[in-house]
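Chemist: I'd like to go over a predicted model; first the sequence, then the structure.
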Amino acid sequence: MFLVVMLIGMTSTLASGQASSGRQETASPSSTPARQIPLEKIATGPCRLRVSDSDLLLPAGTKETVTTNEILIYTPLSARCKFDLFLTTTRSPYTFLSAGFQATLDQAQGQWPHYGGGMQGWGKRLGATLADTESRRLIQTFALSTILHQDPRYFPSQKRSLIARSWYAATRVVITRNDSGYNTFNTSECLGTLFTSALQNSYYPRHDRTFGDTMSRFTGALSSDAIGNLTREFTPDIKRLFRKHAPKRILRIEEKLPIPADDKP
């Protein structure tokens with residue numbers, strides 16, 4: 001029943017988002033006089049999970065409007081863009097490489113022993129890991145963030161100290177922005193993680209379906225997301241350090257890699 005209600009909500013929101021996007025494309029800024037536009041009506045921004053450091057962001061807690069001839073500070077994502085984010089991460093090579101690494105690690109550590117060993121056991125672990133990842137991204141990144149009008153992107157910290165930035169990144173699992181640009185409780189993250197942890201009981205071995213196992217997966221997933229946020233926060237610094245000290249030959253090889261520029265070292 002929950003999935004049916006969720007799908008109905010996603011469909012209606014996606015349709016309304018496409019309609020509003022079409023109306024924005026037909027409007028000509030040059031022929032429209034400057035006027036006040038509520039922040040929630042501003043056009044959508046780039047479809048990527050991490051907001052660029054160079055993007056201008058609306059400070060949390062401020063309530064204001066902007067005019068059409070001013071720089072748009074906060075740009076919420078449309079439902080279509082959130083769905084595109086889900087598709088992009090779903091078919092990303094990193095998703096399959098990460099799942100393969102996790103399945104190998106789980107088998108080496110004896111995780112899910114009822115899956116057995118060998119290639120058959122590894123394949124089961126790989127399938128379970130991919131199912132965990134993809135179902136969570138569908139429920140959390142697209143479905144709940146669309147229904148609850150929350151922003152699934154990671155907004156980099158404006159702080160300077162290492163401790164302050166680390167604390168900010170770790171707490172993004174419980175704090176996010178809504179589609180109006182203001183800080184709010186990260187309901188889509190917490191509910192998405194909980195729903196996915198419960199859904200895993202439908203394909204995990206019977207011995208791993210207890211309430212304790214479910215809550216352990218829930219807390220483990222939140223901890224993993226906190227680590228992921230730390231990675232998103234400090235990756236640009238690592239990239240700048242790499243490009244500053246890397247040999248020119250390595251930089252030339254890096255430029256030829258067939259991966260998006262944002263994902264390159």
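Modeler: Structure received.
Chemist: dump the residue contacts of Gly100.
Modeler: Residues in contact with Gly100 (C-beta atoms under 8 Å, 6 or more residues apart in numbering) are Leu126. For every residue, glycine as well, the C-beta is placed using N, CA and C.
Chemist: in what helix or strand does it lie?
Modeler: Gly100 belongs to helix 93-108 when assigned by DSSP states H and E.
Chemist: which strands and helices lie in contact with the helix or strand following that helix?
Modeler: Counting by DSSP H and E, the element after helix 93-108 in chain order, helix or strand, is helix 118-136. Helix 118-136 is packed against helix 93-108, helix 187-199, with contacts defined by 3 or more C-beta pairs under 8 Å, 6 or more residues apart in numbering; DSSP states H and E.
Chemist: buried residues, the last one. List them.
Modeler: Buried residues in helix 187-199, defined by neighbour count with 16 or more other C-beta atoms under 10 Å: Thr187, Ser188, Glu189, Cys190, Leu191, Gly192, Thr193, Leu194, Phe195, Thr196, Ser197, Leu199.
Chemist: so the fourth one sits right up against Ile175, yeah?
Modeler: No: in this structure, Cys190 sits apart from Ile175 without contact. The criterion is C-beta atoms under 8 Å, and the distance is 10.9 Å.
Chemist: turn the helices and strands packed on helix 118-136 into CSV, columns for distance to Thr219.
Modeler: Below are the helices and strands packed on helix 118-136 laid out as CSV (distance: least, C-beta to C-beta, whole Å):
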stretch, distance to Thr219
helix 93-108, 17
helix 187-199, 9
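Chemist: who wins for proximity to Tyr115 among these?
Modeler: Closest of these to Tyr115 is helix 93-108, at 8.0 Å (criterion: C-beta to C-beta).
Chemist: shouldn't Tyr176 be within a strand?
Modeler: That one is not Tyr; residue 176 is Thr. Yes: under DSSP: H, G, I helix; E, B strand; the rest coil, Thr176 falls within a strand.
Chemist: distance check, it against Ser216.
Modeler: Counting by C-beta to C-beta, to the nearest Å, the gap from Thr176 to Ser216 is 24 Å.
Chemist: which one of the two has more residues nearby?
Modeler: Each of Thr176 and Ser216 has its neighbours counted (other C-beta atoms under 10 Å); Thr176 has more, 21 against 13.
Chemist: contact partners for the more buried one?
Modeler: Gln150, Asp151, Pro152, Asn183, Thr184, Phe185, Asn186, Ser188, Glu189.
Chemist: quick one, strands of the stretch 151-265 of the chain?
Modeler: Using DSSP state E, counting those that start in this stretch, the strands of the stretch 151-265 of the chain run over residues 175-178, 183-185.
Chemist: what about the last one, average pLDDT?
Modeler: Rounded to a whole number, the mean pLDDT of strand 183-185 is 95.
Chemist: show me the shaky parts of this structure.
Modeler: The model of the chain has pLDDT under 70 over residues 1-73, 254, 257-265.
Chemist: in it, which spans are helices?
Modeler: For the chain, helices defined by DSSP state H occupy the ranges 2-26, 79-90, 93-108, 118-136, 145-147, 162-170, 187-199, 211-245, 248-256.
Chemist: can you say which of those is packed in most?
Modeler: Counting by mean count of other C-beta atoms under 10 Å, helix 145-147 has the highest mean neighbour count of those, with a mean of 25.
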